[in-house]
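Asker: Provide a 3D model corresponding to the input given below.
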Amino acid sequence: MSGFVEKPEPVQVPGLVHLHTGKVRDLYQNATGDLVMVASDRISAYDWVLPTEIPDKGRVLTQLSLWWFDLLSDLIPNHVIGADVPEGAPADWTGRTLVCKSLSMLPVECVARGYLTGSGLAEYRESRMVCGLALPEGLVDGSELPAPIFTPATKAAVGDHDENVPYEEVARQVGPKIAADLRQATLAVYGRARDVARERGIILADTKFEFGMDADTLVIADEVLTPDSSRFWPADTWEPGQAQPSFDKQYVRDWLTSPASGWDRHSEQPPPALPMEVVERTRAKYVEAYEALTGRPWS
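Answerer: Residues are numbered from 1 along each chain as shown. Sure, this is the predicted structure:
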């Protein structure tokens, strides 16, 4: 069992129809048929949406996504129409709201990996392959790959876990042409972002994207290159063969699996509330990632 510890009630806004409550984002539709996406401060770990929020997290994700969308606009179109808060919406939607094109979303998590870690490392240890792609012998946790690879996954519902799949399964689901376009776009965007991050002293180890179709045009959607969707590591402390420090929710994962939490992640019990120290340190990591990547002070 997993999912929401406490599922929030959607905010009712005149002129908006609530469509979906996700792990982090709430999705609405306005009167013209555009989507209104609001990033909350919710945080998830181990397939649970936790009962404790991280202040400013939704704003960081939204503002960082907007910064990346702008940098990537010459590579691929994105779904953003604007960032104005709809009339009648709560004041705290400011800075965390995107008005977006309604797309035909593709049922694939498009993952690019430039370094070996996480589920890719687990798969490599079993077979020396990731998503059907053979990799060299001798790689360890944190190893840089010879070249970035496209390792797609299924899209999971809230409470379920994404499953890595081979490229051939993507081609079967969406067709060979769109599958090839997804792979090309994923690796192109990863390559651009990796180089930008590297200039700022950050390693982009891996990341995932979501894409949709606007008629016959492939469009990048949802969030992009945030600490929720990517692994960012400080370049000056990178050392293969061990877990790397990262700009994300690792403090949350570490506390949940520590004796201090008293929680067994393999049980059916929901995780407990987070202590304030973990909340504050996690918020600081999200803000640090934003400031390091954009060069802008957080406010």
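
Asker: contacts and neighbour counts: CA atoms only from here.
Answerer: Noted.

Asker: for the protein, where's the lowest mean pLDDT among helices and strands?
Answerer: Here the helix or strand of the chain ranked lowest by mean pLDDT, DSSP states H and E is strand 153-154, holding a mean of 88.

Asker: list the contacts for Asp214?
Answerer: 102-104 (CA atoms under 8 Å, 6 or more residues apart in numbering).

Asker: who's in contact with the least confident helix or strand of the chain?
Answerer: By CA under 8 Å, 6+ apart, the residues outside strand 153-154 that reach it are 107-111, 162-165.

Asker: Output the residues you listed as TSV; include the columns distance to Thr151, secondary structure and neighbour count.
Answerer: Supplementary listing: these in TSV, determined by distance: CA to CA, whole Å; DSSP: H, G, I helix; E, B strand; the rest coil; neighbours: other CA atoms under 10 Å:
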residue	distance to Thr151	secondary structure	neighbour count
Pro107	14	coil	16
Val108	10	strand	25
Glu109	9	strand	23
Cys110	7	strand	25
Val111	5	strand	23
Asp162	12	coil	16
Glu163	10	coil	13
Asn164	7	strand	21
Val165	7	coil	17
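
Asker: From these, pick the one nearest Asn78.
Answerer: Of all the contacts of strand 153-154, Asn78 sits closest to Cys110, with 15.1 Å by CA to CA.

Asker: Bridged to that closest one, which residues?
Answerer: Phe209 (DSSP bridges).

Asker: pLDDT below threshold where in the stretch 1-150 of the chain?
Answerer: 1-2 (pLDDT under 70).

Asker: ok, which stretches of it are helices?
Answerer: 57-71, 118-127 (DSSP state H, counting those that start in this stretch).

Asker: Identify the residues contacting the longest one?
Answerer: What it means is helix 57-71. Here helix 57-71 has contacts from 24, 38-42, 78, 95-98, 223-228, 283, 286-287, 290, 294, using CA under 8 Å, 6+ apart.

Asker: now do the shortest one
Answerer: Residues from elsewhere that reach helix 118-127, judged by CA under 8 Å, 6+ apart: 129-130, 135, 140-141.

Asker: Redo the helices of the stretch 1-150 of the chain as CSV? Include distance to Gly175.
Answerer: Output for these, formatted as CSV (distance: least, CA to CA, whole Å):
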stretch, distance to Gly175
helix 57-71, 26
helix 118-127, 25
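
Asker: for the ones you listed, which one ends up most surrounded?
Answerer: helix 57-71 (a mean of 20; mean count of other CA atoms under 10 Å).

Asker: Work out the gap between it and the centre of the chain.
Answerer: Remark: helix 57-71 is offset 12 Å from the chain centroid, using CA atoms, centre = their mean, to the nearest Å.

Asker: average model confidence for stretch 175-188?
Answerer: If you average the pLDDT over stretch 175-188, you get 98.

Asker: Select, out of the helices of the stretch 1-150 of the chain, the one closest to Asp84.
Answerer: helix 57-71 (12.3 Å).

Asker: Show the contacting residues for Arg296.
Answerer: Contacts of Arg296 by CA under 8 Å, 6+ apart are Tyr290.

Asker: Angles on the backbone of it, please.
Answerer: Torsion angles at Arg296 (phi, psi; degrees, to the nearest 10) stand at phi -110, psi 140.

Asker: Looking at it now. What's its pLDDT?
Answerer: At Arg296, pLDDT is 96.

Asker: Distance check, the closest residue to His18 other than its chain neighbours against His20.
Answerer: Nearest non-adjacent residue to His18, counting by CA to CA, 6 or more residues apart in numbering: Tyr28, 4.4 Å away. In this view, Tyr28 and His20 are 7 Å apart by CA to CA, to the nearest Å.

Asker: Compare these two (neighbour count), which wins?
Answerer: Between Tyr28 and His20, counted using other CA atoms under 10 Å, Tyr28 has the larger neighbour count: 23 against 13.

Asker: Now do the contacts for the more buried one.
Answerer: 16-20, 35-37.

Asker: Next: Pro10.
Answerer: 18, 21, 26.

Asker: still on that earlier bit, can you tell me which of the contacts of Asp214 are buried?
Answerer: In terms of neighbour count (16 or more other CA atoms under 10 Å), the buried residues within the contacts of Asp214 are 102-103.
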